[in-house]
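**Student:** Provide a 3D model corresponding to the input given below.
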Amino acid sequence: TDEEIDEYVNNAISEAKDAYENELEKYEQGYTSVYLPEGTKTVKQIFIKLEDADISEIMAYRNDGDDETADKLKAEKLAEIEDEAKAALDELKSGTAWDDVQVKYNDDSAGNASTYVVYPKSNLISEEIINGVMSLENKGDFTELISTDAGYYIFLYLDDAKVDLETI
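**Tutor:** I've put the predicted structure just below:
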């Protein structure tokens, strides 16, 4: 019945809220389609990627607990792609359309049409990315360069992310 469906959906939302607050991993594995916390944003990205071998080497040091070596290697490798990343950001700042800059610079294997959802806290998304995206105040704003172990990112704030109750 409609009442049973409403009860099921309300219970799922309640469980999702609890998981987000208390068991973030559980939330990210199974509840993102029924509840998105306030402040969640939908974004597009430009990703200027490090070489796969460099990413793997940095991650190997991180996994071994050697953050000092990982950070040093990351800085060296990011320096090699910094001019390209800055050129992309400079074009955006000079008023070039996002789509034009994205086509020219984006290394995202998911393609230029892909959008992403960034929550105010996450186990799956780096703190640097979360902080950068959450700092965007207005739709249409974009971040400065965000450096990660995989390369540089620039994010464009598209909209506030919402769950469609009809889809649930």
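**Student:** any idea where the strands of this protein begin and end?
**Tutor:** Using DSSP state E, the strands of the chain run over residues 41-49, 116-118, 146-148, 151-160.
**Student:** Run through the neighbouring helices and strands of the last one.
**Tutor:** Under the contact criterion of 3 or more C-beta pairs under 8 Å, 6 or more residues apart in numbering; DSSP states H and E, the helices and strands touching strand 151-160 comprise strand 41-49, helix 67-93, helix 127-134, strand 146-148. No exception for glycine: its C-beta is placed from N, CA and C like everyone else's.
**Student:** With Asn112 as the reference, name the closest of these.
**Tutor:** Closest to Asn112 of those is strand 41-49 (C-beta to C-beta; 7.8 Å).
**Student:** strands paired with that closest one, and their directions?
**Tutor:** Partners of strand 41-49 in the sheet, by DSSP bridges, are strand 116-118 (antiparallel), strand 151-160 (antiparallel).
**Student:** Pull out the buried residues from that strand.
**Tutor:** Lys41, Thr42, Val43, Lys44, Gln45, Ile46, Phe47, Ile48, Lys49 (16 or more other C-beta atoms under 10 Å).
**Student:** follow-up on the earlier one: winner for burial among the strands paired with strand 41-49?
**Tutor:** strand 151-160 (a mean of 20; mean count of other C-beta atoms under 10 Å).
**Student:** got the strands paired with strand 41-49 as a markdown table, with distance to Ala60 and mean pLDDT columns?
**Tutor:** A markdown table is the format used below for the strands paired with strand 41-49 (distance: least, C-beta to C-beta, whole Å; pLDDT from 0 to 100):
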| stretch | distance to Ala60 | mean pLDDT |
| --- | --- | --- |
| strand 116-118 | 26 | 95 |
| strand 151-160 | 17 | 97 |
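**Student:** Would you tell me which of those gets closest to Tyr20?
**Tutor:** Of the strands paired with strand 41-49, nearest to Tyr20 by C-beta to C-beta is strand 116-118, at 13.0 Å.
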